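J.: need coordinates for the below:
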Amino acid sequence: MLVGLGKMDLLIAEGHSLKEKRQVTKSIIQRLQKRFNISVAETGYQDMHRRAEIGFALVSNETVYLDKKMQEIMAFLEGDGRVQQINFEREIIPFGG
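T.: Predicted coordinates:
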């Protein structure tokens, strides 16, 4: 089994308050969950108005599948005009025997 892990640092254009930031991040998280069926959560910068860190995980038995899905996730976020990607890190880890 392989686990794909990703972390995205985002700059939020509409982040004038924590409430506005949370509306944007919550929307992005829900859309990612629905579209890609992945585990995803806000993992950093909770107290900053214009920054967000979102982490995600997905599982497969094929590296090619995980790599393709992570590329699709990155492209999906690039198409969201509410945020700008600052950094995108990803890793595929073998798990189990």
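J.: if I pick the residue most central in space within the chain, what's in contact with it?
T.: Centroid-nearest residue in the chain: Ile54, 4.5 Å away (criterion: C-alpha atoms, centre = their mean). By C-beta atoms under 8 Å, 6 or more residues apart in numbering, the contact set of Ile54 is Lys7, Met8, Leu10, Thr25, Ile28, Ile29, Leu32, Val40, Ala41, Glu42, Thr43. Every C-beta, even on glycine, is put in place using the N, C-alpha and C of the backbone.
J.: give me the beta-bridge partners of it?
T.: For Ile54, the beta-bridge partners are Met8, Glu42 (DSSP bridges).
J.: quick check, pLDDT for it.
T.: You'll see Ile54 listed with a pLDDT of 96.
J.: ok, now Gly15?
T.: The predicted local confidence for Gly15 is 73.
J.: go on, Asp9?
T.: 96.
J.: what's the spacing between it and His49?
T.: Distance of Asp9 to His49, computed by C-beta to C-beta, to the nearest Å: 15 Å.
J.: for the closest residue to Gly55 other than its chain neighbours, grab the count of nearby residues.
T.: The shortest distance from Gly55 to any residue other than its chain neighbours is 4.0 Å, reached at Thr43 (C-beta to C-beta, 6 or more residues apart in numbering). Other residues near Thr43 come to 13 when the count uses other C-beta atoms under 10 Å.
J.: list only buried entries from the contacts of Ile54.
T.: Met8, Leu10, Thr25, Ile28, Ile29, Leu32, Val40, Glu42 (16 or more other C-beta atoms under 10 Å).
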